[in-house]
Each structure stands twice: as C-alpha cells, then as structure tokens.
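Asker: Curious how this folds, go ahead:
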Amino acid sequence: MGTASTGESETWTEEDVMFVSGPTELSGILTQPIEKSPHPAIVLLHGSERAGIDSTFYTEHSHNLVKSGHAVLRYDSPGVGRSTGSVIGESLEDRTREAISAVRYLQSREDIVSEAVGLWGHSQGGWICQMAAAEYDGVAFIIPVSGPGVTPAQQEVHRVEMQSRAAGFTEDEVAKAVLMRRLLVDIVLPEPMFKEANMDDARLIGSGPWGNVIEWLYHEKLEPESQFAKSIETLVAIKDESWARFLFAEQILQMFEGLSPETWGNVKASLGAVMTVDPENFLTKVKVPVLAIFGEADAYLPVAKSVDLYRRYLGEAGNEEVAIRIFSDADHAILVDGDPASGYYDTIVEWLSRLALS
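Answerer: Have a look, this model is predicted:
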C-alpha cells in the first residue's frame, strides 16, 4: 500500500507502510539496506505486550538486523498507533494469520525477494513463528527468541514458581502461588489440566482460598456464567496476599470489569484455547531454517526443557538446519544488566547473512 520516507542513516532507509490482515489495517515501518534492492526480509513479531513501531526494543532490532542485508518490518499491533482493530480477545491463531499477512505483504513488493521472507518473534511471538511456519510454506526461516517449547499453561506455572523463588518467598509461599496459578489455568480450560496435582497440593498446604475453588471447579462443576462471580471472589480474596504478587490478580480483575457473566463463556473459551497451544503440533512440521535463542537466566520459561523439546520436535520434522544459542546470564529479553547480551545481535546478523548467501 502507500509508502513515504520516514528516516535514513548511512546504512539504511525507512518508510511508512500499511498492510491488511482480514478486516484490520496495520501500520508499520520498513527498514531497508541502502544497497540496491531486492532484499531478503524479516518480520518482527511482538510478545504478548503487543507493542508498536515506536518501541525502543523493536526499533533497535530493526536497526541492527538490517546490517545482515535484510529489510526489516516492524508494525503497530491492532489498536496501537495508526493500526485499526483491537487485540482484545485475539487468539494465537489470529496472531498467526496476522504474521502470514505481513509475510505476504512483503512478498508482494518488487524490492523484496519473495522467497526469502522470514519471521523473528520474541516470547509469545516465538510461538507465532512456529505456528506460521507450520501453516504457510512461504515463510523462509524463523528466529524464535525466548519462544517456549512448552504450552502457555506450563510456561505460566513455571514463571510464577521461578519469580516467586527469585523474590525470596518461602517454600510454603511458593507452593501456594503455584497451586493458585494452576487453578487459574484450569478455570479457563474445558477439561482441567492440573486437577490431581492441585488436589494433592491443597491437602498438603491446608486450608486457604484454593479450597473453595477446588470445590466449585472440580466437584460442583459450575457453568461458565456461575464461574464468573466465583472467579472474581477468588481474585479479590488473594489480591493482597504477599505470596500472590506474581499472579497479577489486580490486572485480571480489571479484565473482568469489562466482561459480564453472559460474555465470560466466550472469553473463557478463547483463553483456554491460548493456554493449550502445544509447540509439538507445529515444530514437528517446520522444515525451514531455525535459529532459536534463549537466555540462561530467563525466569519466564523452562529453558533447558524448551531446548530439548525444540531439538526433539524439529528432529521429528527431519529439519537439519537448526541452530540453538543460549546466552549466559541473559534474561527473557536476552538482556544482561539491562543491555543486550554480548554477541546477541552479531549472532543473528551472521546467521541471516549466511542464510542469504546460501
């Protein structure tokens, strides 16, 4: 769609772009090397924060990855900046369609090598990389960064445990936080994932707000409309507990304020679908080159388990073009003491440069 120059340096130029995904118009910035086109290209996919083109994190990635000779597209999430639509209620499948639309948009341009457009995705964007590459054979490569190899449900439980431990919680407090996070997951699932573990842990921990949840969730099996009020009661009961700090009950309560018992069923189904997305269903179908990057000190996901699962699933796909890099002391954003881990950008640029040559 229409473009206009927005910026340049000695090594790259930038232009405003617009592309569509279903009914949504998405605004972006395309950063291109100054060398003569056409160029291979890469789309940057946000994590769950669903940022925009002015985000420092994604702007810095654009200006570093363009050094590989690739054009780099970053864009405003739906409802952000000049993009239409909204991220409220979106599924990972919605995000996958959006990513594929971005790839197809770049493939339609004469200044882009249509068969050399890939995806870089951070955190939740790492799942989207996997899903898009499994669904659309026009994705030439993927670079999931801190992209879990486990389901969102498993990742969330791990996050709460690791952040609670890092904050110095006692073992009893960690157990309470993990139990409640697993219960909050099961509330949105059509069939509980953690029923046995939750009931066992509740017996060990003793009385608490989890007892009421176990009763109405596992025994009474209330309809979604009745669960709505019970869920709010639970969040109100735990929001001021010290051990619940990383459950973010206040933020979840804010989400409930915009809902009603009648709409909760649909929202619950959407959240449940997100929680059960399994990378095995996608990585086992990915046959394009993969560079998977992790931070050794990432408190948000099980790094060692994710690495093992990537290797297993991509091996099952018969994919021999897989590189995995773990950065020592780096966190979820591959930062060490607030700065990019040494060699992080060089690793991606060198990998992309070799890919372009091949």
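Asker: just for this structure, where's the confidence low?
Answerer: The chain contains residues with pLDDT under 70 at 1-8.
Asker: show me where it has helices.
Answerer: Here the chain has its helices, by DSSP state H, at 56-65, 92-107, 124-135, 152-166, 171-188, 195-205, 209-214, 224-238, 249-257, 261-275, 280-283, 303-316, 344-357.
Asker: Return the set of buried residues in the first one.
Answerer: I take that to be helix 56-65. Going by neighbour count (16 or more other Cβ atoms under 10 Å), the buried part of helix 56-65 is Phe57, Tyr58, Thr59, His61, Ser62, His63, Asn64, Leu65. Just so you know, the C-beta spots here come from the backbone N, C-alpha and C atoms, and that holds for glycine as well.
Asker: For Ile187, list the residues it contacts.
Answerer: Neighbouring residues of Ile187 by Cβ atoms under 8 Å, 6 or more residues apart in numbering: Val213, Leu217, Gln227, Ser231, Lys268.
Asker: distance of the most centrally placed residue in the chain from His61?
Answerer: Centroid-nearest residue in the chain, with Cα atoms, centre = their mean: Gln124, separated by 0.4 Å. According to Cβ to Cβ, to the nearest Å, Gln124 stands 16 Å off from His61.
Asker: again with Gln32
Answerer: According to Cβ to Cβ, Gln32 stands 15 Å off from His61.
Asker: ok, the closest residue to Thr59 other than its chain neighbours - contacts?
Answerer: Distances taken as Cβ to Cβ, 6 or more residues apart in numbering put Arg74 closest to Thr59, at 7.0 Å, once the chain neighbours are dropped. By Cβ under 8 Å, 6+ apart, Arg74 lies in contact with Gly28, Ile29, Thr31, Leu44, Ile53, Ser55, Tyr58, Thr59, His61, Ser62.
Asker: give me the number of residues near the residue lying closest to Ile232 once chain neighbours are set aside?
Answerer: With sequence-adjacent residues excluded and distances taken as Cβ to Cβ, 6+ apart, Ile232 is closest to Phe256, at 5.5 Å. By the criterion of other Cβ atoms under 10 Å, Phe256 has 16 neighbours.
Asker: and what of Thr31?
Answerer: Neighbour count for Thr31, taken as other Cβ under 10 Å: 29.
Asker: about what we covered before: surely the residue nearest to Ile232 and Ser231 touch.
Answerer: Yes - at 7.1 Å, Phe256 and Ser231 qualify as touching, with contact defined as Cβ atoms under 8 Å.
Asker: For Ile29, give its distance to Ser62.
Answerer: Going from Ile29 to Ser62 by Cβ to Cβ gives 7 Å.
Asker: intersection of neighbour lists for those two?
Answerer: Residues touching both Ile29 and Ser62 (Cβ under 8 Å, 6+ apart): Glu14, Arg74.
Asker: Now that Glu161 has come up, it's in contact with Val178, right?
Answerer: Yes - under the criterion of Cβ under 8 Å, Glu161 makes contact with Val178 at 5.1 Å.
Asker: give the contact list for the closest residue to Phe169 other than its chain neighbours.
Answerer: Excluding the flanking residues, the one nearest Phe169 by Cβ to Cβ, 6+ apart is Trp243, at 6.1 Å. Neighbour list for Trp243: Ser164, Phe169, Glu173, Val174, Lys176, Ala177 [criterion: Cβ under 8 Å, 6+ apart].
Asker: now Trp243: how far from Leu253?
Answerer: Noted for Trp243: a distance of 17 Å to Leu253, by Cβ to Cβ.
Asker: What of Asp186?
Answerer: The spacing between Asp186 and Leu253, counted by Cβ to Cβ, is 19 Å.
Asker: Kindly report the same for Glu296.
Answerer: Distance from Glu296 to Leu253, by Cβ to Cβ: 34 Å.
Asker: Would you mind giving the domain segments of this protein?
Answerer: 4-151+277-357, 152-275 (automatic domain parsing).
Asker: what's the first-to-last distance across the shortest one?
Answerer: The one in question is domain 152-275. 5 Å (Cα to Cα, to the nearest Å).
Asker: and what of stretch 277-296?
Answerer: Using Cα to Cα, the end-to-end distance of stretch 277-296 comes out at 24 Å.
Asker: Name the residues of it that are buried.
Answerer: 277-279, 282-286, 288-295.
Asker: Closest to Thr84 out of those residues?
Answerer: Ranked by distance to Thr84 (Cβ to Cβ), the buried residues of stretch 277-296 are led by Val277 at 25.5 Å.
Asker: Next up, the contacts around that closest one.
Answerer: Leu92, Trp127, Met131, Thr151, Pro152.
Asker: Just to check, Ala167 is in contact with Arg245?
Answerer: Yes - the pair Ala167 and Arg245 passes the contact test of Cβ under 8 Å, sitting 6.8 Å apart.
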